[in-house]
Each structure stands twice: as C-alpha cells, then as structure tokens.
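Enquirer: Attaching a predicted model along with its sequence, questions to come.
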Amino acid sequence: MKIYNTLNKTLETFDPIHENTVNMYVCGPTVYNYIHVGNARPVIFFDVVRRFFEYLGFTVNFVSNFTDVDDKIITKAIEDETDERTIAEKFIEAFYRDVERVGSSTKYLAPRVTKYMSAIIDYIDQLIQEDFAYAVDGDVYFRVTKVDDYGVLSGRKIKDLESGARVEVNKKKENPLDFTLWKSTTEGIKYPSPWGEGRPGWHTECVAMIHDIFGGKIDIHGGGADLMFPHHENEIAQNRAFHQHHLANYWMHNGHLHVNEQKMSKSEGNVDLVKDLDGDLMGFRLFTLGTHYRAPISYSDEILESYVNEWEKLKRVYTQAFYALDLAERLDEDLVKFTALETIREDFVQAMRDDFNTANAITELRELAKFTNRAIRKTDGYDALRAAIDLFNTMFTILGLKVDVKRMSKDTRALYMAWTDARKNKDFEKADRLRETLQNRGVLA
RNA sequence: GGUCCCGUAGCCAAGUGGCUAAGGCAAUGGACUGCAACUCCGUGAUCACCGGUUCAAAUCCGGUCGGGACCUCCA
C-alpha cells in the first residue's frame, strides 16, 4: 500500500504502528452551517480509505471530530436568536444526514469539543508548564519559536511567514506567528479555566482528542489541503512540545473542489449545498472519486451530470445482470472464476493500492460494466454474470456505491413471462403495456 | 511581498523518462431491435508556448504566457 505523505512530500509504503490496525483521524466540520459539495469530498474520500483498508483486512479505528465551540457558531446563534448548543445540534444532525446520503458511514467515533473541555484545558496547562505557551491577560498563546522544525508540514519557514504582510498585529503575542490556545471572552458560550473565562482556540482540540482516544501517535491524519497551514502545522507543533514525533506517520490532504477555476468556499459564496442535491447521490459520489484525491476537482452542472449518467449506466448493468440471474434462478450457484474478471479485480486493487487512485479504479469498474453488458446478451453467460455481480459487489463496497435491487416477486416474474410471450406472439400492444409496467418496477431498463 | 501547485481532445480525466498518450461524457458512423430505449463495435490529441538535458521528454531543467491555492475563517 502506497500513500503520499504530505509531511515528507513523497509516496511511501504504508507501515502500520500496530499490526493489522489503522488508526486514523480526519478533521471534521465546525457545525454552524450545512455542508457544501466541496466539504463532501473528504467525507467521501476518507470513507473510501477506511473501506479499502478494511478490504485489505485491517481493523480501522476511524475518528472525526465536531468543532461545536467556535465564534461562527456564536454569531449564528445570535443571528437565529437561539443558543450555541441548539445550533450545533441542528447542524450535527444535518451533517449526519448528508454523510449518509453521499454513501459514507456515520458509524465512527465523533468526539465534540464541548465534551473535551477539561482535556483541552489540561493540555494547554501542560504546555504552559513546559514553557511552550504563555498566558497574557486571560489569553494563552503557543510559542512557535520553541519548536525547532515549525513549518515542517507546510514547507514554510518562520522567517518567510513573518514577512507576510497579512499576519495580524497583536501586541500581546511575543511573535506574530504565535497562535491562540485559549481566548478570553465575555460574549457567547464560555468556560472556566485557570486563566479566566473563555473558550479554546481551534488547534488544540484535535491533538487533545488524538492523545485521549489513541493514547499517542496515530497512523493517518487527514483533512482538506487548506488545513495544512496553519491548523495541522499547529497540531504538530503542540504535539512536538512533548514528543519527538509528528502526531501521525502519514498526513493526507485532499484537494479542493473548484467552480470556474476557483475554490468553492463559504467565504466566496459560490457554494452548492449537499442537502440541495436531488435524488440518488451515488452519481455525485462517483463524481468526487473520478479525480485523484490530491488534484482539484472541477465542478459544474455539466460535469456532475456526466457522472450521474454514468452511474445510471452502472446501476442498469448491475440490475440487468441481477435480474437475468434471478429469472434463470441461478443467483445461488457457486462462483466460477473468469480470467478477464480476475484481471479487472487485480487492476482495480492495484489502482487503490497506489495512493488510493480511485480515478483508475473506476476505469476498471467501467471495464467490468462492459464485460457484463456483453455477457447479458449471451443466454449461456450465467457463470460470467454471477462472477461479474460478485466483483461488482466487491468494488461497490470499497467505493461505497450502492444499488438497491431485490429478487423478483412471483407477480413480477409472471408479468415478465407474459411480456416475453406477448413479444413471441407479436402482440406488440400488450407487450408495450407490460414493458412499461416492468420498467416502472425497475426490472427492465 | 513570501511559499507552492496546475495547464493533456468540445467537456471531464489517467499517465510524471522508453512500445501506436488509458478511460468516461458529448458528437458521429455501424450492429442489434417489432418500434424505441438499453447495449455492443468503430471514429478524435502538433500533451499551453519557447529553449535545454538525454539514445529517448506529456513526464526532467530554465524561461514565457495563462489559471489557481496558501500565508485570515475555510474540507
């Protein structure tokens, strides 16, 4: 298994800390709004990472947090004349709904900042004791110059960053790059701490959670490319205060989704929300996996539509193969191996092993579709169809794609037979009527 | 101002030194079909431009043009 590690900027062979186990953490959403289609990319991609490791036989411990204490949540609460907790709950629920609709699992550990307050405060306190942080007027800042390789992840040097004109001037900070660990506040939700009432900065939660849940270094830490700096850099810095390692062995970052060559982002206002996408979102899922995860994805109605069409085709071929077997009552026979299918399977897995190259993996899915469509036309191709269905199931499980199809009822089967008879007898009026019914039931394409 | 990425057919996209540059969508020709749908077979590329390295470059190096990201909340 090869993974591109952002930390070293190289493709590396995956070597787990604990045998047959993958411990992975992905930065989750700040729950103050519905997620847009760009936000869905890591939700889908890292779900596929999890699925593929499971296919390879690993036990995957997947954790993704909710940031439910944040200025934006407070602003939103004031706007809606309610409290932060209500806002957070509302958008956590909405998030889970969207995650499910795009076909990703919601069954993973999802720690919340509000439930981790004491761990976060303890962590900050230790940083102060070790001189990696300092308190000023109720605020606490991290001292970046104390970490010798600060900037290792994002490839930045403190000197370069300092020259950036856009760094805010905050006289309380010893160095403009020092980041907030604790923020003294008077407005909105606040918590007691040794430094006074306030709320935590954004960067400590992930480190505190990872230490608490995994007890130390993890295998994979993932998130969007925009989190690399400063968020992930600062996580590493906080961790480096106590440990020699970089929190995770492999850092993975997904590229952004672009609209008209520009990043889709809430602050740009060019967003389409996941909740507003219609119907079956498997086509959308296929779309996000159609481009290698590190590259930017271009998004437009036209592009999305081409993937939606493709998904319709895949669904059709799978369904047709299934019903062909069902009609012949050969769904339950033993599997026979087909060299052509074994090649497709190997190439698919090979593509996935190569840094989760879902784009190439999907090419194999298309090969399989073609193979199956040919087999459907042959009346004696039942062994091939069964093997094809089996391979479809494997690939769909790994990619998180799903087709709903059930065995035909007696009633439907009778209609099907009647349709075949009508065609034989050239009773086309009756045949067309039956065809329509069967199409409505999803049995005929 | 600093750091970094990208530019492959109408659209999307794989490929990062070596056979005729994958694949999909769209378009188009054919086959199949009672009609249609579906499906299958076929058809398309001076790899942004200029120069260099090499026996060999889409791929490496330099430059030009164009687009983008990060340095501020962001997946």
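Expert: Thanks, I have the structure now.
Enquirer: For chain A, name the helix or strand with the lowest mean pLDDT.
Expert: helix A:158-163 (a mean of 73; mean pLDDT, DSSP states H and E).
Enquirer: After it, which helix or strand is next? Please name it.
Expert: For helix A:158-163, the following helix or strand on the C-terminal side (DSSP states H and E) is strand A:180-184.
Enquirer: So that following strand, near RNA strand B or not?
Expert: No: Strand A:180-184 is not in contact with RNA strand B by C-beta under 7 Å from any atom of the strand; minimum separation 8.4 Å. Where C-beta positions appear, they are placed from N, C-alpha and C, glycine not excepted.
Enquirer: I'd like the average pLDDT over whichever helix or strand comes after that strand.
Expert: Next along the chain after strand A:180-184, taking DSSP H and E as the criterion, comes strand A:198-200. Mean pLDDT, strand A:198-200: 94.
Enquirer: do stretch A:232-242 as well
Expert: For stretch A:232-242, the per-residue pLDDT values average out at 95.
Enquirer: How about stretch A:133-140?
Expert: In this model, stretch A:133-140 has an average pLDDT of 94.
Enquirer: In stretch A:145-161, which residues are buried?
Expert: Residues A:146, A:147, A:150, A:151, A:152, A:153, A:154, A:156, A:161 are the ones in stretch A:145-161 that count as buried (16 or more other C-beta atoms under 10 Å).
Enquirer: Determine how far the last residue of it lies from the first.
Expert: 12 Å (C-alpha to C-alpha, to the nearest Å).
Enquirer: do stretch A:133-147 as well
Expert: End-to-end distance of stretch A:133-147: 11 Å, with C-alpha to C-alpha as the criterion.
Enquirer: how far out from the middle of the chain is that stretch?
Expert: 33 Å (C-alpha atoms, centre = their mean, to the nearest Å).
Enquirer: Ok, stretch A:100-117 next?
Expert: When C-alpha coordinates are averaged (C-alpha atoms, centre = their mean), stretch A:100-117 and its chain have centres 12 Å apart.
Enquirer: hmm, it touching RNA strand B?
Expert: No: remark: stretch A:100-117 sits outside contact range of RNA strand B, by C-beta under 7 Å from any atom of the strand, the gap being at least 11.7 Å.
Enquirer: list the buried ones in that stretch?
Expert: Of the residues in stretch A:100-117, those buried by neighbour count under the rule 16+ other C-beta under 10 Å are A:101, A:102, A:103, A:104, A:108, A:111, A:112, A:113, A:116, A:117.
Enquirer: What lies in contact with that stretch?
Expert: Outside stretch A:100-117, the residues within contact range by C-beta atoms under 8 Å, 6 or more residues apart in numbering are A:28, A:40, A:43-44, A:47, A:50, A:61-69, A:85, A:88, A:96, A:99, A:120, A:191, A:200, A:205, A:208-209, A:212-213, A:274, A:277, A:281-282, A:284-285, A:400-402.
Enquirer: let's see it at 7 Å
Expert: Here stretch A:100-117 makes contact (C-beta atoms under 7 Å, 6 or more residues apart in numbering) with A:28, A:40, A:43-44, A:47, A:62-69, A:96, A:99, A:191, A:200, A:205, A:208-209, A:213, A:274, A:281-282, A:284-285, A:400-402.
Enquirer: just stretch A:253-264 next, same as before
Expert: When contacts are defined by C-beta under 7 Å, 6+ apart, stretch A:253-264 is touched by residues A:6, A:36-38, A:41-42, A:45, A:223-225, A:228, A:268, A:270-271, A:293-299.
Enquirer: cool, and stretch A:234-247?
Expert: In contact with stretch A:234-247 (C-beta under 7 Å, 6+ apart) are residues A:7, A:127, A:130, A:132, A:142, A:144, A:147, A:150, A:152-153, A:179, A:203-204, A:206-207, A:210, A:217, A:221.
Enquirer: 6 Å instead?
Expert: For stretch A:234-247, the surrounding residues in contact (C-beta atoms under 6 Å, 6 or more residues apart in numbering) are A:7, A:127, A:130, A:132, A:147, A:150, A:153, A:179, A:203, A:206, A:207, A:217.
Enquirer: ok, of those, which come out buried?
Expert: The neighbour-count test (16+ other C-beta under 10 Å) applied to the contacts of stretch A:234-247 identifies A:7, A:127, A:132, A:147, A:150, A:153, A:179, A:203, A:206, A:207, A:217 as buried.
Enquirer: Sort out for me which of the contacts of stretch A:253-264 are in strands.
Expert: Secondary structure assignment by DSSP state E places A:223, A:224, A:297, A:298 of these in strands.
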